[in-house]
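Colleague: Sequence plus predicted model, see below.
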Amino acid sequence: MRAADATVVSVTRHTEGPEDDLRRRFAHCGTGVVIEPGVRIEHPELFSVGDDVRIAAGTYCQGSPRVSLGSRVTLQPWCFLTGSGTIEIADDVDFGPHTFFSTGGEDGLVRVGSHSHTAPGCALYGGGRLVLGEYCNIAAHVVLATVQHDPARHDVPMARAPSRVGPITLERDVWIGANATVMMDVVVAEGCIIAANAALTRSTEPYGLYGGVPARRIRDRVAADPDG
């Protein structure tokens, strides 16, 4: 009976409070950090975490990305992070459920400015370097694709050819509508709106509404009359 009791205690101690173990293993961990049950991080020693961060149930970090989370950042349930590059998140950023981060190789980058957010199911590909400015609003199921197959290769299947990469930059105060795709080598200028279901293949000019496949400028984003 005593041996059996000792075994139960041993198992209980091993499985209790994994979030505490992760916090201790972070390179830096601020105060008020909440890690919910079911979070898996393969290399927590590569995480630097600010104050009042919440990493929700089911979040999984695969591989060895170097991750910096500012204060008051939320990873909602089932976010997935992978690669061996860098993920830099400023303060006051919220990622919806099932947000996907891929940095690709060591030179890859996903950088998100303060007060930005993603809705559920977004895909952030940073192999070609992805930078989001402050106050960016990313609606559900948006794809930001800094990497793609090479359509110019006919000698091998596209799946076997080296990928093509190119940067994407979203400047300050950008809104990307649901199900839109932004392709590599694109700068989305300050104040732009990209309509739902659009495919943006070229850089934009500030304060415009862009829509369609491929997306084009539909009209200016006109400021409201403060006296109206």
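Modeller: Sure, I can see it.

Colleague: rest of the way, CA atoms for contacts and neighbours
Modeller: Will do.

Colleague: what sits against the closest residue in space to Ala159 that isn't next to it in sequence?
Modeller: In space, and not counting its chain neighbours, Ala159 is closest to His149: 6.8 Å by C-alpha to C-alpha, 6 or more residues apart in numbering. Residues near His149 by C-alpha atoms under 8 Å, 6 or more residues apart in numbering: 158-159, 161-164.

Colleague: ok, which pair from these is furthest apart?
Modeller: Largest separation among the contacts of His149 by C-alpha to C-alpha: Ala159 and Arg164, giving 11.6 Å.

Colleague: out of the two, which sits in the more crowded spot?
Modeller: Arg164 (14 against 10; other C-alpha atoms under 10 Å).

Colleague: residue contacts, the more buried one?
Modeller: Residues in contact with Arg164 (C-alpha under 8 Å, 6+ apart) are 147-150.

Colleague: ok, how many other residues are close to the closest residue to Pro214 other than its chain neighbours?
Modeller: Excluding the flanking residues, the one nearest Pro214 by C-alpha to C-alpha, 6+ apart is Ala199, at 5.1 Å. Summarising burial for Ala199: neighbours were counted as other C-alpha under 10 Å, giving 21.

Colleague: Roughly how far does Ala199 sit from Val182?
Modeller: Between Ala199 and Val182 the computed distance is 6 Å (C-alpha to C-alpha, to the nearest Å).

Colleague: repeat for Ala159
Modeller: 21 Å.

Colleague: isn't the residue nearest to Pro214 right up against Met183?
Modeller: Yes. Counting by C-alpha atoms under 8 Å, Ala199 touches Met183, with 7.5 Å between them.

Colleague: What about the contacts of His149, which are in strands?
Modeller: Among the contacts of His149, the residues falling in strands (DSSP state E) are Arg164.

Colleague: can you put the contacts of His149 in a markdown table and add pLDDT and distance to Asp220?
Modeller: Formatted as a markdown table, the contacts of His149 follow (pLDDT from 0 to 100; distance: C-alpha to C-alpha, whole Å):
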| residue | pLDDT | distance to Asp220 |
| --- | --- | --- |
| Met158 | 88 | 38 |
| Ala159 | 88 | 40 |
| Ala161 | 85 | 40 |
| Pro162 | 87 | 39 |
| Ser163 | 87 | 35 |
| Arg164 | 90 | 32 |
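
Colleague: what sits against His43?
Modeller: Contacts of His43 (C-alpha under 8 Å, 6+ apart): 61, 63-64.

Colleague: Now rank the residues you listed by neighbours and give me the top one.
Modeller: Highest neighbour count within the contacts of His43: Ser64, with 22 neighbours (other C-alpha under 10 Å).

Colleague: so who does Cys122 touch?
Modeller: Taking C-alpha under 8 Å, 6+ apart as the test, what Cys122 contacts is 96, 98-100, 138-143.

Colleague: which intervals of the chain have sub-threshold pLDDT?
Modeller: Low-confidence segments of the chain (pLDDT under 70): 1-19, 228.

Colleague: Mind jotting down where the helices sit in this protein?
Modeller: Counting by DSSP state H, residue ranges of the helices within the chain are 2-15, 18-25.

Colleague: who touches the last one?
Modeller: The contact list for helix 18-25 (C-alpha under 8 Å, 6+ apart) reads 29, 34-37, 39, 41, 44-45.

Colleague: switch the cut-off to 6 Å
Modeller: Contact with helix 18-25 is made by 35, 44-45, as judged by C-alpha atoms under 6 Å, 6 or more residues apart in numbering.
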